[in-house]
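> no sequence on hand, only this structure:
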C-alpha cells in the first residue's frame, strides 16, 4: 500500500507540475494564433489538474498490476495494453456496443477527466473520475488479494 501511495503521490505532483509547465510553455509558442489559450479560459485549470491526477492514478494502477503479476515488466505490459490496445479492439465490436462500452474503458474515462470538450458519448469529467477511481480500486483490490493469498 505504501509503495502505491508514494508512487501515486509522486506521479501526481510531478505530472501536475509537468502539465502546467508544458501548458505555459506551449501557450507562449502559440500566443497570437487562434489556438492560444490561457489559464483563465473556461475549463483549462480543471483540465490541467485532471491530467496530473490521471497520471498519478495511472501510476497507482501500474504499481498494483506489477504487484498482482509479480513482475514489473508484466505490469507495464498489461497497463500499456489496457490503455492502448483494448480501445482499438473495442472498435471491432458492433457500433451499438462501442457506444455503451467505450466510455467506461480506463483510457476513455481517464481522457474525460482532462478533455476540454466532450462529445455526446463521453462521460463528464466527474463521472470519468469516478469510473477511473473504480478501475484503480479494482486493481488495488486484486493486488491486495494476491498478496494476502501468496504472502501469508
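Arrived safely, thanks for sending. A quick note: this is a predicted structure, and the numbers were derived from the prediction, not measured. Residues are numbered from 1 along each chain as shown.
> what's in contact with the helix or strand encompassing residue 96?
In the assignment (DSSP states H and E), residue 96 maps to helix 95-101. Identification of contacts with helix 95-101 by C-beta atoms under 8 Å, 6 or more residues apart in numbering yields 90-91, 93, 121. Where you see a C-beta, it was placed from the backbone N, CA and C, and this is true even at glycine.
> could you give the average pLDDT over that helix?
Averaging pLDDT along helix 95-101 yields 85.
> what is the subsequent helix or strand relative to it?
Using DSSP H and E, the first helix or strand after helix 95-101 is helix 106-114.
> just the angle between the next helix-or-strand element following that next one and helix 106-114, please?
Sequence-wise, the next helix or strand downstream of helix 106-114 (DSSP H and E) is helix 125-150. Put simply, helix 125-150 runs at 140 degrees to helix 106-114, going by axes from the mean of the first three to the mean of the last three C-alpha atoms, to 10 degrees.
> which strands and helices sit next to helix 125-150?
Applying 3 or more C-beta pairs under 8 Å, 6 or more residues apart in numbering; DSSP states H and E, one finds that helix 125-150 makes contact with helix 44-69, helix 106-114.
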